[in-house]
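Peer 1: what shape does this take:
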Amino acid sequence: MPHPIMFSDDDPVLARVREIALAFPEATEKIAHGRPTFRCGKMFATYGGGTKKTETRPHEQRNTSVLFIVDPAERTALEQDERFYLPAYMASAGWLGLDLTIGTVDWDEVTELLDASYRQIAPKRAIAALDAGPRD
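Peer 2: This is a model prediction of the structure:
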């Protein structure tokens, strides 16, 4: 049985996340488990997710969020911020979620987080193209 679609294509927050994610060289979008995922071969971001269930907190959907592979050097600091959460199924693989409904969204921060996530999975040629910048 296929997963139900868990997003709306006319969501303006998704549109902004999509714009950022698809600007990376060779980035593509694929629907997986009912959600938009962004890939460069491997997945580097997902729009929407849920929290990891713990002994003190039940699972909770966070549909207006972005999941990404966190830079290990930044993990501890980000986990102290209430906007970030451990995503179900993916936290153990180094992923975090950023809830985009808490406070004002800093799109520069979102871009930086997706850039760091992309760099962890992208092939060297794609990273070289990113570092070379846009061609005129």
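Peer 1: what's near enough to touch residue 97?
Peer 2: 49, 51, 62, 65-68, 84-87 (C-beta atoms under 8 Å, 6 or more residues apart in numbering). To be clear about C-beta, it is placed using only N, CA and C from the backbone, and glycine gets the same treatment.
Peer 1: so, low pLDDT: which residues of the protein?
Peer 2: Applying pLDDT under 70 to the chain picks out residues 1, 135-136.
Peer 1: nearest to residue 112 among the contacts of residue 97?
Peer 2: Distances from residue 112 to these, taken as C-beta to C-beta, are shortest for residue 68 (10.1 Å).
Peer 1: neighbours of that closest one, how many?
Peer 2: Residue 68: 27 surrounding residues under other C-beta atoms under 10 Å.
Peer 1: from the contacts of residue 97, which is closest to residue 77?
Peer 2: Proximity of the contacts of residue 97 to residue 77 (C-beta to C-beta) peaks at residue 84, which lies at 9.4 Å.
Peer 1: picking that back up, most widely separated two among the contacts of residue 97?
Peer 2: Greatest spacing in the contacts of residue 97, by C-beta to C-beta: 51 and 68 (15.2 Å).
Peer 1: and the nearest residue to residue 8 once chain neighbours are set aside, which of the three is it?
Peer 2: Among residues not flanking residue 8 along the chain, residue 14 sits closest, at 7.4 Å (C-beta to C-beta, 6 or more residues apart in numbering). Recorded secondary structure, residue 14: helix (DSSP: H, G, I helix; E, B strand; the rest coil).
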